[in-house]
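# Got a sequence here, can you model it:
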Amino acid sequence: MAAITIPLLTIPNGCSCVAFTPDSNRIVSGSWDKPVRVWDAKTGEQLRELQGHTDSVTSVAFSSDGNRIVSGSQDNSVRVWDAKTGEQLRVLQGHTGDITSVAFSPDGIGNRITSGSYDKSVRVWDAKTGEQLWDCKNTNPVTSVGFSPDGNRIISGSQDNSVRVWDAKTGEQLRELRGHTDSVTSVAFSPDGNRIVSGSFDKSMRVWDAKTGEQLRELRGHVDYVTSVAFSPDGNRIVSGSYDKSVRVWDAKTGEQLRELHLMQLTDFVTSVAFSPDGNRIVSGSRESVRVWDAKMGEQPRELQGHTDYVNSIAFSPDGNRIVSGSWDNSVRVWDAKTGEQLRELRGHAECVTSVTFSLDGNRILSGSYDKSVRVWGAKTGEQLRELQGHTECVTSVAFSPDDNRIVSGSWDQSVRVWDAKTGEHLQELRGHSNHASQLGCIFA
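Below you'll find the model as predicted:
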């Protein structure tokens, strides 16, 4: 298949984040050059340049109805915009440090906004009026914020070693969960919203009653930093990964360690863990390997042998039957998630693979690489369907649109590009940013 090559349109800046609207018709981008921009996703026309921020934009998000955009910036402000007209609806002032994250509440239309900042606070705002509903103070920078599944509570983790629970409507601090003795690295609600799990640099995980704040369990076993925690889909188990090179499974109700999934030949720390959609398997990534474990029985894992360097990215197929992995060894590999058999080795990239994902129908795989290309593969056959050429620096992030018809890619060449996922046609290059991005995320709202 011949590569599709397009002329380079030089952009003197890069994007820090991009997102599609729910209907996939528009794209919003944020950048270190201060503006937020809205684009026609089909034609590439820049519809709006949202001027107002006076420093780098660090985070953007759409409301769930796609009518508004929220942005956070290193200028300490949160701004709300009309996504269709580009009108700046509100400037939410109050933070005195860089904004680290912003989010709309999950109530269908996004009536509230939460923001976290290096000023050590979490704030909640009325998204329509811009009124600050409340301000939650921490003693150290806030590392993460999020709404509970029902949208009624907010959880925050901080470098002050605490987890805090807030009433999302009144701003009342419901609980300060104290117990960790070092920075909290990861927090998550259980699927029913009744419990919280937190992981920390203090090598422990703790399970809390989300309503009362009572510490239900302290999970000890790891001998180094906890890097990743997650509840199983049914909320009965917790999986954790650590710098101590182990993956552990815990009973979320009793705190009992059910399994220590640890191989002597595992020579590097665990970077990520995840449950399969059915909760029966766990996948972990570390240097040179992807491993699949039986989450219930704790059987010795299927070690998916083949990669010869760091595994950068792993993902289950939507049905949970396959795994795709990308590596610094320049390859993309597809595995049978049940047997561990390597189904395909997708060769074509000339440098390390940075990002991999399945299409929503599971029929295609998308990969981005340091070799400056984006490639589309047949997930079942391993055939390279398209090589999308145009970027002049490494591709940092790739994603399919919700309807699987388009691809968005971001690169250190300071461009965002949109492609037809079926034909490989380059649909547009989004121009206008005028500085480098330290990180690019491709997110489809």
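# List the contacts of Asp209.
194-195, 216 (Cβ atoms under 8 Å, 6 or more residues apart in numbering). C-betas here are computed from N, CA, C, even on glycine.
# how near is Asp55 to Pro35?
Between Asp55 and Pro35 the computed distance is 11 Å (Cβ to Cβ, to the nearest Å).
# Please say which of these two ends up with more neighbours.
Pro35 (19 against 14; other Cβ atoms under 10 Å).
# tell me the phi and psi of that one?
Backbone torsions for Pro35, taken as degrees, to the nearest 10, come to phi -80, psi 160.
# Show me what the closest residue to it other than its chain neighbours is bridged to.
Ranked by Cβ to Cβ, 6 or more residues apart in numbering and with sequence neighbours excluded, the top spatial neighbour of Pro35 is Glu49, at 5.0 Å. Beta-bridge pairing of Glu49 under DSSP bridges involves Arg37.
# same question, Gly30
Gly30 has these beta-bridge partners by DSSP bridges: Cys17, Val36.
# Check the residue nearest to Pro191 when sequence neighbours are not counted and give its pLDDT.
Closest residue to Pro191 apart from its sequence neighbours, by Cβ to Cβ, 6+ apart: Gly235 at 4.8 Å. pLDDT recorded at Gly235 is 92.
# Need the three-state assignment for Gly235.
coil (DSSP: H, G, I helix; E, B strand; the rest coil).
# if I look at it, how far off is Leu219?
In this view, Gly235 and Leu219 are 15 Å apart by Cβ to Cβ.
# More neighbours: these two, which one.
Neighbour count, other Cβ under 10 Å: between Gly235 and Leu219, Leu219 has more, with 23 against 17.
# and the more buried one, bridged to which residues?
Met205.
# close enough to count as contact, it and Ser240?
Yes - distance between Leu219 and Ser240: 7.5 Å, which falls inside the contact criterion (Cβ atoms under 8 Å).
# between these two, what contacts are shared?
With Cβ under 8 Å, 6+ apart as the test, Leu219 and Ser240 both reach 205, 250.
# what bits of the stretch 1-150 of the chain have low per-residue confidence?
Along the stretch 1-150 of the chain, the model assigns pLDDT under 70 to residues 1-27, 40-45, 106-110, 136-147.
# List the buried residues of stretch 185-194.
Neighbour-count burial for stretch 185-194, counted by 16 or more other Cβ atoms under 10 Å, picks out 185-190, 193.
# who touches that stretch?
Under the contact criterion Cβ under 8 Å, 6+ apart, stretch 185-194 has outside partners 143-144, 146, 148-150, 153, 155-157, 163, 195-201, 209-211, 225-231, 233-235, 252.
# change it to 6 Å
Outside stretch 185-194, the residues that touch it by Cβ atoms under 6 Å, 6 or more residues apart in numbering are 144, 148-150, 155, 157, 163, 196-200, 210, 229, 231, 235.
# Report the contact partners of the residue nearest to Pro191.
Residues in contact with Gly235 (Cβ under 6 Å, 6+ apart) are 190-192.
# Closest to Ser355 out of the residues you listed?
Nearest to Ser355 among the contacts of Gly235, counting by Cβ to Cβ, is Pro191 at 27.2 Å.
# Distance of the closest one relative to Trp293?
Taken as Cβ to Cβ, the span from Pro191 to Trp293 is 21 Å.
# Give me the three-state assignment for Asp192.
Classified using three-state DSSP, Asp192 is coil.
# confidence score at it?
At Asp192, pLDDT is 89.
# next one: the one 10 residues further on
You'll see Asp202 listed with a pLDDT of 94.
# What of the one 4 residues further on?
Per-residue confidence (pLDDT) for Arg206: 93.
# returning to what we had before: for the contacts of Asp209, give me JSON lines that also has distance to Ser325.
As requested, the contacts of Asp209 are exported to JSON lines (distance: Cβ to Cβ, whole Å):
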{"residue": "Asn194", "distance to Ser325": "34"}
{"residue": "Arg195", "distance to Ser325": "31"}
{"residue": "Leu216", "distance to Ser325": "35"}
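# and which of those is nearest to Val122?
Arg195 (20.1 Å).
# For that closest one, grab the count of nearby residues.
A count of neighbours around Arg195, defined by other Cβ under 10 Å, yields 21.
# Thought Arg417 was touching Ile407, still the case?
No - counting by Cβ atoms under 6 Å, Ile407 does not reach Arg417; the two are 8.5 Å apart.
# any residues in contact with both of those two?
Residues touching both Ile407 and Arg417 by Cβ under 6 Å, 6+ apart: none at all.
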